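*Asks:* Predicted coordinates and the sequence they were generated for:
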Amino acid sequence: MKDASVKQKKIVKTSQKMSLGMGDLGYSLVANTYSSYILFFGNTVIGVSGTIMGLIIALGTVWDAVTDPIMGFVSDNTRNKTFGRRHLFALIGMVGMAIVNALLWAVPIDANLGVKIAWLTVCIIALRTFTTLFQTPMSAFSLDVSPDYNERSSIQIYKSVFNILGLLLPTLLIGLFQKDFVNPAGVFTDGRFNPDAYLNFGMVTSACCILFGVIMFISTYSHVPRLREQAKNDYVVPAKGALKKIFINFFGALKDKNFRAITIGYMVSMVSASILIAVGFNVFTFTFKTTKLQMYTIMAGLFIMTIAGQPLWMWMSKKYDKKKALITGQCISLIGCILLFVMFLARDFFIGLLQKNGLNVIFMMPPLMVAGLGTGVLYSLPVALIGDTVVIEKARTGEDKTATYTGFLTLGNKTGQAISSAVLGVALDLIGFQEGSSIQTPEVESGLGWLMCIGVTLAVGCGILIFSRCKMTREEVQEALEKVNQMSVAKEDVEVSTVEIASEIVEVEETK
């Protein structure tokens, strides 16, 4: 079947794609500042052990994972006359996320350990709740808003660019908050250990979350009436037995080999990003002994390449298909991981000869830039592929499960994050990492490197194998979309016929 036979009119303006991306940027600034720095902040800055921090982070991630499909189910079955299925939840989530994020970094430093643990636990669970309220419905909205195969990919590319900017900007900007001008008393010789830097930056990210979220809300609200009208014919699951229905949907979806391959592959692959971000700052600080500027320059190179690769994945998904683009990106990422491993094994050369001449960053950048180029595919195409599985499912059952399925995808991702966070926390203690210390032993420095390099390489390699089991094709999706359109037309015809018959009955009664 040729693409032209199912070509859809483009109904999402470029400005609206960008505003969806800006909403993701506000969310991402909060979420990625948390994921990038919370382990380092809790373990190294305020002195909570790695095992406890890992368990707290894992608890919050498990909570997030469980609530994602529940939120998706609720959103799919909401019929709000003013806000539709998605926007009200996004509004509540945006405000709550900004408030709790500011509180998270305000942990009382002089408090006892129990207070610190309780503060972190409550704030992390609350933050995860509000991020779910925002992200799950809006991820579904980005799939709802257009039925076109390629336009859906285009929307995800826009969103992924802004999402990755939310990874890049904290890496670049937090360095400004760690400068001496926010440490006037000179208490901290290295700003990375200054707790006020994280608090001040948290306030800024919260403000950005509100600003960008409002822009997204206003710009995309014009689609709400159209989508509300489209959803009126969709089956609404009764509230009674809803929780049971969610789990039935989940296990039913896992029986589909395509959904299973995408969700589990995404979960495993994103573990590599979690490891690199969570442990990477410790590795570059202690193992490679980079300066603050060098570390942020290296990480910036990673994120810049992640953004730069998005047009490539968009082109590949149009010319071939989404699966081929996804596998290609992961293979490139694997090459980067292998180069990173080589760089670690040769670290004495980098730390010695090259660092003395200020050249170590030049040689350390390429592996991470290659890894970043490939990893970028994970920020756009898996969500688009889940959208395709939703179309096929709707053609089969007539039920729209967009937010439910995107919630399941996030459930897989967060489950992987929870497991990796718990394992990383325990691993840090096992290798002898000294929490709250700016100096580590040579054994710890080496152990950090092994932990990161082996972890990311295994995660990417396993992700490739799992993704390869997805057999969904563009033609299959297009056929399903045609069937969905035919079903919608048939329902409208039935409704019109029903109204006409009712009118005729009324006329006959009046005549009598």
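*Replies:* Now that the structure is in, tell me what you want to look at.
*Asks:* for Thr457, what are its contacts?
*Replies:* Shown in contact with Thr457 (C-beta atoms under 8 Å, 6 or more residues apart in numbering): Ser272, Leu334, Cys337, Ile338, Leu340, Phe341. Any C-beta I mention is one placed from the backbone N, CA and C, and that applies to glycine too.
*Asks:* Could you single out the nearest of those residues to Ala231?
*Replies:* Ser272 (36.9 Å; C-beta to C-beta).
*Asks:* any idea which element that closest one lies in?
*Replies:* helix 257-282 (DSSP states H and E).
*Asks:* What average pLDDT does the helix or strand hosting Gly114 get?
*Replies:* For Gly114, the host element (DSSP H and E) is helix 113-144. Here helix 113-144 scores 91 as its mean pLDDT.
*Asks:* list the helices and strands that helix packs on?
*Replies:* With contacts taken as 3 or more C-beta pairs under 8 Å, 6 or more residues apart in numbering; DSSP states H and E, helix 113-144 sits against helix 14-40, helix 50-76, helix 87-104, helix 149-177, helix 195-220, helix 381-397, helix 402-430.
*Asks:* switch to 10 Å and redo it
*Replies:* helix 14-40, helix 50-76, helix 87-104, helix 149-177, helix 195-220, helix 224-231, helix 381-397, helix 402-430 (3 or more C-beta pairs under 10 Å, 6 or more residues apart in numbering; DSSP states H and E).
*Asks:* For the shortest one, name the packing helices and strands.
*Replies:* In this case it means helix 224-231. Packing partners of helix 224-231 (3+ C-beta pairs under 10 Å, 6+ apart): helix 113-144.
*Asks:* in the helix it packs on, what counts as buried?
*Replies:* Neighbour counts over helix 113-144 (16 or more other C-beta atoms under 10 Å) mark 116-117, 119-121, 123-144 as buried.
*Asks:* returning to that earlier point: the helix holding Gly114 versus helix 224-231: what angle between them?
*Replies:* Going by axes from the mean of the first three to the mean of the last three C-alpha atoms, to 10 degrees, helix 113-144 is angled at 70 degrees with respect to helix 224-231.
*Asks:* Make 27 the starting number, not 1.
*Replies:* New numbering, starting at 27: the last item is helix 139-170.
*Asks:* starting at the chain centroid, how far to helix 139-170?
*Replies:* Relative to its chain's centre, helix 139-170 lies at 12 Å (C-alpha atoms, centre = their mean, to the nearest Å).
*Asks:* tell me the contacts of Gln356?
*Replies:* Gln356 sits next to 291, 295, 298, 400-401, 403-404, 486-487, 489-494 when contact means C-beta atoms under 10 Å, 6 or more residues apart in numbering.
*Asks:* Show only the entries of these found in helices.
*Replies:* Among these, the members found in helices (DSSP state H) are Gly291, Ser295, Ser298, Gly400, Thr401, Val486, Gly487, Gly489, Ile490, Leu491, Ile492, Phe493.
*Asks:* What residues does the nearest residue to Ile361 once chain neighbours are set aside make contact with?
*Replies:* Nearest in space to Ile361, with sequence neighbours left out and distances taken as C-beta to C-beta, 6 or more residues apart in numbering, is Val396 at 5.8 Å. Val396 makes contacts with Leu328, Met331, Ile358, Ser359, Leu360, Ile361, Gly362, Cys363, Ile364, Leu365, Leu366, as judged by C-beta under 10 Å, 6+ apart.
*Asks:* neighbour-wise, which of those residues leads?
*Replies:* Counting neighbours by other C-beta atoms under 10 Å, the top entry in those is Ser359, with 30 neighbours.
*Asks:* wait, doesn't it sit right on Leu399?
*Replies:* Yes: using C-beta atoms under 10 Å, Ser359 is in contact with Leu399, at 7.6 Å.
*Asks:* before we move on, back to that, can you flag the buried ones in the contacts of Gln356?
*Replies:* Among these, those that count as buried by neighbour count (16+ other C-beta under 10 Å) are 291, 295, 298, 400-401, 403-404, 486-487, 489-490, 492-493.
*Asks:* Return the member of these nearest to Ser41.
*Replies:* Closest to Ser41 out of those is Val403 (25.3 Å), distances taken as C-beta to C-beta.
*Asks:* what's the closest non-adjacent residue to the closest one?
*Replies:* Once flanking residues are discounted, Val403 sits nearest to Gly355: 2.9 Å by C-beta to C-beta, 6+ apart.
*Asks:* Make sure the one you found is indeed in a helix.
*Replies:* Yes: note on Gly355: a helix contains this position according to DSSP: H, G, I helix; E, B strand; the rest coil.
*Asks:* Check the contact lists of Ser359 and Leu399 and give me the overlap.
*Replies:* By C-beta under 10 Å, 6+ apart, the residues touching both Ser359 and Leu399 are Thr332.
*Asks:* and after the helix or strand containing Phe367, which helix or strand comes next?
*Replies:* Here Phe367, judged by DSSP H and E, is contained in helix 348-371. For helix 348-371, the succeeding helix or strand toward the C-terminus, using DSSP H and E, is helix 373-375.
*Asks:* how does the chain divide into domains?
*Replies:* 38-248+276-498, 504-538 (automatic domain parsing).
*Asks:* now the ones you listed as JSON lines including distance to Arg254?
*Replies:* Below are the domains of the chain laid out as JSON lines (distance: least, C-beta to C-beta, whole Å):
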{"stretch": "domain 38-248+276-498", "distance to Arg254": "5"}
{"stretch": "domain 504-538", "distance to Arg254": "14"}
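*Asks:* Lowest average confidence across those domains, which one?
*Replies:* domain 504-538 has the lowest average pLDDT among the domains of the chain, namely a mean of 60.
*Asks:* Would you check that Met123 makes contact with Leu153?
*Replies:* Yes: using C-beta under 10 Å, Met123 makes contact with Leu153 at a distance of 6.6 Å.
*Asks:* residues bridging contact with these two, i.e. touching both?
*Replies:* Jointly contacting Met123 and Leu153 under the rule C-beta under 10 Å, 6+ apart are Val56, Ala57.
*Asks:* quick one, what contacts Ala410?
*Replies:* The neighbours of Ala410, taking C-beta under 10 Å, 6+ apart as the test, are 168-169, 175-176, 178-183, 185-186, 288, 339, 343, 348, 351-352.
*Asks:* and if we set it to 8 Å?
*Replies:* Counting by C-beta under 8 Å, 6+ apart, Ala410 has contacts Leu169, Arg178, Ser179, Gln182, Ser343, Lys348.
*Asks:* from the chain's centre, how far out does whichever strand or helix holds Gly398 sit?
*Replies:* Gly398 is located in helix 386-401, with elements delineated by DSSP H and E. Remark: helix 386-401 is offset 22 Å from the chain centroid, using C-alpha atoms, centre = their mean.
*Asks:* Which of the residues in that helix are classified as buried?
*Replies:* Buried residues in helix 386-401 (16+ other C-beta under 10 Å): 386-387, 390-391, 393-401.
*Asks:* which one of the residues you listed sits closest to Arg111?
*Replies:* For these, the minimum distance to Arg111 (C-beta to C-beta) is 31.3 Å, reached by Thr401.
*Asks:* List the contacts of the spatially closest residue to the closest one that is not a sequence neighbour.
*Replies:* Computed as C-beta to C-beta, 6+ apart, the closest residue to Thr401 that is not its neighbour in sequence is Ser359, at 4.9 Å. Counting by C-beta under 8 Å, 6+ apart, Ser359 touches Ser298, Val396, Ala397, Leu399, Gly400, Thr401, Val403, Val486.
*Asks:* Give the buried residues for stretch 224-233.
*Replies:* So, applying 16+ other C-beta under 10 Å, buried residues of stretch 224-233: Tyr224, Leu225, Asn226, Phe227, Gly228, Val230, Thr231, Ser232.
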